[in-house]
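No sequence on hand, only this structure:
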């Protein structure tokens, strides 16, 4: 086994020194952060308000000016305009839409509510429409209240915003502020990361095997080392690259996070920590709350879990990827054998979107036990808390799983890498496994 | 002396196809041994078994008297027919890697490689990537990586296929030099041009069986056909020599006036003197040599199925 070290070293060094590794390592987290932040940022950019011309016959909206997105301008005096005339005028202008609120025969508010019309050159956006609907509803509701002799101002006063603060209560009575939303986000992120990592690095193993086979280096190599050493050396080397990348990402993220929170929250963070230790509920400050919740996550468990499930899941799948690489001559031929490997990974990912909703359900349980799906599904569950026995059972099964796939893959690989110019069939693979 | 390799009763089947059917072979030390045979005869299977790349179904390979084991792999240098290097890796780094897989330390590998690179005048390639090299250049590097760890046994599978003539000659010279320095060289080929100038011994495999083996000179004698080439001078106008009975004249010419040439097949039991005597009566013998069949002729004849008794 003395050669495995050299092989791992080569696989690791040649990849880590590549420019693409450096770029992905540094750009990766920035890119991921960008994917998360960019839409929010773009949405927050001030957009010129859309101008809506209003022909408000009954004077329902009372000359409201709209909000930041929708600017209302009234045709007036309303009794002097008819709809047809308004339409013609509208077409001569650059305005976004024309809103028409008709008068009912007896000013019945419900009659009006059903007959409001909006005209646009194109489809009027849902945002604008629902904003206008809300405004008209409020106006009509106020009218109705007034008709019943209730002061709308009184109603406004009685409106109440409710926020439920959730806590996880441990057996020993310790309380922790928790956030299902945050946990769902972390859970989803874990699943995505695991999915990407297994595919990314598993595929690299396959490409590496194909490269060795394609360039015919492989026969020189296996005259010096056993095929199994060669396969494991490659798998471990690339796995180490994956862990390195992950470690750098974690460190980068931690640095960015710490930098961000100290820069923007500074002293308030201290107060938050003190308050948390005292078990107080913080009334306000969404950002501070978020920080508190982020810090309440069990990071050692999450990171440890990720490293374990990545390594074991990667070992399981990369052995299969190596076997596929060995059984074909060129990348185009891999399709046939890739299917059974990719289906469980994709299934695991699909299931994990359900598991986020029901982390303790039967689906979650079984899919986090099956070695082919457990790396992704268990990572999805981990943030919500998993009973220790389930976690341990899942880990043991996964270890058995990768020992199994490595054993099978080793047999396929041993015969496959010496086959040139012929595409293996399923029957060939079966024969090699039995040999 | 114990041969370097002693192969006994080697059998290998792939499904319904028999690749090797009971091969017995001795490869003595410090010889250049040619393993001949048409494509698909089983040469590569035999070489892969010696390299422990595949296992034999039956029989054994003894390396210096002991069954060949994992540790012996380091004493072998192997250049397969299907050869290749990592395209994206630097030449020097790659050569060091291969040497390390053969058990050399990094420092020893570097020293030895620098020597080889100097010998081939390719020091400037050390930092180049393989993909920047021409095919011929890559072949040189490949050869160096095969022999850098000073293997006792060098196995070259079809070493001249794909090599350009200049590199083929270079490799030929190096094979002879390494053999003089004590290495045993086993090379397979289905092209006979290089065999006679290179090999001291050959074995011929055809349809998974060993057809013949032995020192080159001995094999050629075994296939002798009593063919002789004779040249003599005689005064212009002198009569034709009186050939002894049974002599078959295959070719007869007068190269220039008074200079005669003939190719003869002699009947068994006739001595050289019996042939030369009639020449002396008409003129002066200039040249008399037995024409032994070339390895190529033996190969073609044997493989075509006209096998003579060994």
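Perfect, thanks for sending it. These numbers come from a predicted model, not from an experiment.

C-alpha only now, for contacts and for neighbours.
Will do.

and the lengthiest strand in chain A, which strands flank it?
Secondary structure of chain A per DSSP state E: the longest strand is strand A:50-56. According to DSSP bridges, strand A:50-56 forms sheet pairs with strand A:70-74 (parallel), strand A:97-101 (parallel).

Which helix or strand lies directly C-terminal to the first one?
Following the chain from strand A:70-74 toward its C-terminal end, the next helix or strand by DSSP states H and E is helix A:83-92.

Other residues contacting that following helix?
A:53, A:55, A:75, A:97-98, A:100 (Cα atoms under 8 Å, 6 or more residues apart in numbering or on different chains).

if we can go back for a sec, who's in contact with the longest strand of chain A?
For strand A:50-56, the external contacting residues (Cα under 8 Å, 6+ apart) are A:69-76, A:78, A:81, A:83, A:86, A:90, A:95-102.

quick one: secondary structure of residue A:95?
Following DSSP: H, G, I helix; E, B strand; the rest coil, residue A:95 is assigned to coil.

What does it show for phi and psi?
Dihedral angles of residue A:95 (phi, psi; degrees, to the nearest 10) stand at phi -60, psi 160.

Now it: closest residue in space that isn't a chain neighbour?
residue A:51 (5.5 Å; Cα to Cα, 6 or more residues apart in numbering or on different chains).

before we move on, the earlier item: can you tell me which of the contacts of helix A:83-92 is nearest residue A:306?
Distance to residue A:306, by Cα to Cα, is smallest for residue A:97 among the contacts of helix A:83-92, at 52.0 Å.

show me what contacts the closest one?
A:51-53, A:90, A:118-121, A:124.

and the gap between it and chain B?
Going from residue A:97 to chain B by Cα to the nearest Cα, to the nearest Å gives 61 Å.

contacting residues around the residue in the stretch 201-310 of chain B positioned nearest to chain A?
The nearest approach of the stretch 201-310 of chain B to chain A comes at residue B:208, 19.2 Å away (Cα to the nearest Cα). Taking Cα under 8 Å, 6+ apart, we find residue B:208 in contact with B:18-21, B:41-42.

switch the cut-off to 6 Å
Going by Cα atoms under 6 Å, 6 or more residues apart in numbering or on different chains, residue B:208 touches B:19-21, B:41-42.

Show me which residues of chain A are close to chain B?
A:215-217, A:223-224 (Cα under 6 Å from any Cα of the partner chain).

Could you pull up the mean pLDDT of the helix or strand containing residue A:181?
Taking DSSP H and E as the definition, residue A:181 sits inside helix A:180-214. For helix A:180-214, the mean per-residue pLDDT is 86.

I'd like to check what contacts stretch B:101-118. Which residues are they?
Contacts for stretch B:101-118 (Cα under 6 Å, 6+ apart): A:224, B:74, B:96, B:99, B:123.

Reformat those as JSON lines; add neighbour count.
Below are those laid out as JSON lines (neighbours: other Cα atoms under 10 Å in any protein chain shown):
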{"residue": "A:224", "neighbour count": "28"}
{"residue": "B:74", "neighbour count": "23"}
{"residue": "B:96", "neighbour count": "23"}
{"residue": "B:99", "neighbour count": "26"}
{"residue": "B:123", "neighbour count": "15"}
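
Could you point out which of those is nearest to residue B:185?
Nearest to residue B:185, judged by Cα to Cα, of the contacts of stretch B:101-118 is residue B:74 at 15.0 Å.

can you pull the pLDDT of the residue nearest to the closest one when sequence neighbours are not counted?
Nearest in space to residue B:74, with sequence neighbours left out and distances taken as Cα to Cα, 6+ apart, is residue B:102 at 5.0 Å. pLDDT recorded at residue B:102 is 90.

can you tell me how far residue B:102 sits from residue A:224?
6 Å (Cα to Cα, to the nearest Å).

Low-confidence ranges, the stretch 1-150 of chain A, go.
A:1-2, A:32-46, A:105-107 (pLDDT under 70).

what residues does chain B put near chain A?
Residues of chain B found near chain A (Cα under 6 Å from any Cα) are B:51, B:53, B:82-85, B:102.

Which positions within the longest strand of chain A qualify as buried?
Using 16 or more other Cα atoms under 10 Å in any protein chain shown as the test for burial, strand A:50-56 gives A:50-56.

Also compute the angle for that strand relative to helix A:83-92, please.
Angle, strand A:50-56 to helix A:83-92, by axes from the mean of the first three to the mean of the last three Cα atoms, to 10 degrees: 160 degrees.

all helices for the stretch 101-250 of chain B, in order.
Assigned helices in the stretch 101-250 of chain B, in chain order: B:106-119, B:135-147, B:165-180, B:195-198, B:216-222 (criterion: DSSP state H, counting those that start in this stretch).

Can you tell me which of the ones you listed is most buried?
helix B:135-147 (a mean of 20; mean count of other Cα atoms under 10 Å in any protein chain shown).

before we move on, the earlier item: out of the buried residues of strand A:50-56, which one sits closest to chain B?
Of the buried residues of strand A:50-56, the one sitting nearest to chain B (Cα to the nearest Cα) turns out to be residue A:50, at 56.8 Å.

Tally up the residues packed near the nearest residue to the closest one once chain neighbours are set aside, please.
Nearest residue to residue A:50 in three dimensions, chain neighbours excluded: residue A:70, at 4.8 Å (Cα to Cα, 6+ apart). Applying other Cα atoms under 10 Å in any protein chain shown, we find 19 residues neighbouring residue A:70.

can you pull the contacts of residue A:70?
Applying Cα under 6 Å, 6+ apart to residue A:70 gives the contacts A:49-51.

Excluding chain neighbours, what is closest to the residue of the stretch 1-150 of chain A found nearest chain B?
Distance from chain B to each residue of the stretch 1-150 of chain A (Cα to the nearest Cα) is smallest for residue A:3, at 6.0 Å. Distances taken as Cα to Cα, 6+ apart place residue B:101 nearest to residue A:3, at 6.0 Å, with adjacent residues excluded.

just residue B:227 next, same as before
Nearest residue to residue B:227, sequence neighbours excluded (Cα to Cα, 6+ apart): residue B:265, at 4.6 Å.

Report the beta-bridge partners for that neighbour.
For residue B:265, the beta-bridge partners are residue B:227, residue B:248 (DSSP bridges).

phi, psi of the residue in the stretch 51-200 of chain B positioned nearest to chain A?
The stretch 51-200 of chain B approaches chain A most closely through residue B:84 (4.5 Å), counting by Cα to the nearest Cα. Main-chain dihedrals, residue B:84, degrees, to the nearest 10: phi -170, psi 170.

Residue A:68 and residue A:128, how far apart?
Remark: distance between residue A:68 and residue A:128 (Cα to Cα) = 11 Å.

Tell me who's in contact with the residue lying farthest from the centre of chain A.
Using Cα atoms, centre = their mean, the residue of chain A lying farthest from its centre is residue A:80. It sits 54.8 Å away. Not one residue lies near residue A:80 by Cα under 6 Å, 6+ apart.
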